[in-house]
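Student: Model the following, please.
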Amino acid sequence: MPTERTEVQVRPGVEADLEALTALYNHYIRETPITFDTAIFTPEERRPWLLSHPVDGPHRLMVATDPDSQEVLGYATSSPFRAKPAYATSVETTVYVAPHAGRRGVGTLLYKALFEALSGEDLHRAYAGIAQPNEASARLHERFGFRYVGTYREVGHKFGRYWDVAWYEKDL
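Tutor: Modelled structure (predicted):
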């Protein structure tokens, strides 16, 4: 019986993804206000970030790839929300999709896999900060049950101007 071709596969991130993940993130650093990092990374500089997202536990890295080429199409993470111990049951989530892979449902597949992976963890809330404007990201987060809780006005300075960040939260 023939099987239907899957357009995107999602799996935990691995060391072999480091170069592609770094290149994808560097695109967002150079071209957009979506991240407030301002200097690009080498893969070696980005390695501690990758290693801080093991295949189990509350801090995960999920990677979307093309099943034929194995090209990285995007990634989603859950990371510590804040460093203080009382925040341990909260995570900050984020998703990055390759520019040419937008509008294919990659972000949706990544968040679906991420939240399924987190379902057994001792977590209470997920938070997401969305640099404004970014309607596509707001819609994605709302589809996954995130609620808007407020905006930090002009909290980041990049590309010669100030940017707002809207904050969303989700019960886990």
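Student: Quick check: buried residues in stretch 89-101?
Tutor: In terms of neighbour count (16 or more other CB atoms under 10 Å), stretch 89-101 has its buried residues at 90, 91, 92, 93, 94, 95, 96, 97, 98, 101. Any C-beta I mention is one placed from the backbone N, CA and C, and that applies to glycine too.
Student: What count of nearby residues applies to residue 71?
Tutor: When neighbours are defined as other CB atoms under 10 Å, residue 71 has 13 of them.
Student: For the closest residue in space to it that isn't next to it in sequence, name its beta-bridge partners.
Tutor: Excluding the flanking residues, the one nearest residue 71 by CB to CB, 6 or more residues apart in numbering is residue 65, at 6.3 Å. For residue 65, the beta-bridge partners under DSSP bridges are residue 9, residue 72.
Student: Pretty sure residue 7 is one of the things residue 65 touches, is it not?
Tutor: No - with contacts counted by CB atoms under 8 Å, residue 65 stays clear of residue 7, the gap being 10.5 Å.
Student: Of those two, give the one with the bigger neighbour count.
Tutor: Using other CB under 10 Å, the more surrounded residue of residue 65 and residue 7 is residue 65, with 19 against 15.
Student: got a list of what the more buried one touches?
Tutor: Under the criterion of CB atoms under 8 Å, 6 or more residues apart in numbering, the neighbours of residue 65 are 8, 9, 10, 11, 71, 72, 73.
Student: let's see it at 10 Å
Tutor: 8, 9, 10, 11, 17, 20, 71, 72, 73, 74, 75, 106 (CB atoms under 10 Å, 6 or more residues apart in numbering).
Student: Tabulate the residues you listed in JSON lines, adding columns for distance to residue 58 and pLDDT.
Tutor: Formatted as JSON lines, the contacts of residue 65 follow (distance: CB to CB, whole Å; pLDDT from 0 to 100):
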{"residue": "8", "distance to residue 58": "24", "pLDDT": "92"}
{"residue": "9", "distance to residue 58": "23", "pLDDT": "94"}
{"residue": "10", "distance to residue 58": "18", "pLDDT": "96"}
{"residue": "11", "distance to residue 58": "18", "pLDDT": "96"}
{"residue": "17", "distance to residue 58": "20", "pLDDT": "97"}
{"residue": "20", "distance to residue 58": "24", "pLDDT": "97"}
{"residue": "71", "distance to residue 58": "28", "pLDDT": "94"}
{"residue": "72", "distance to residue 58": "23", "pLDDT": "96"}
{"residue": "73", "distance to residue 58": "24", "pLDDT": "97"}
{"residue": "74", "distance to residue 58": "21", "pLDDT": "97"}
{"residue": "75", "distance to residue 58": "17", "pLDDT": "98"}
{"residue": "106", "distance to residue 58": "23", "pLDDT": "95"}
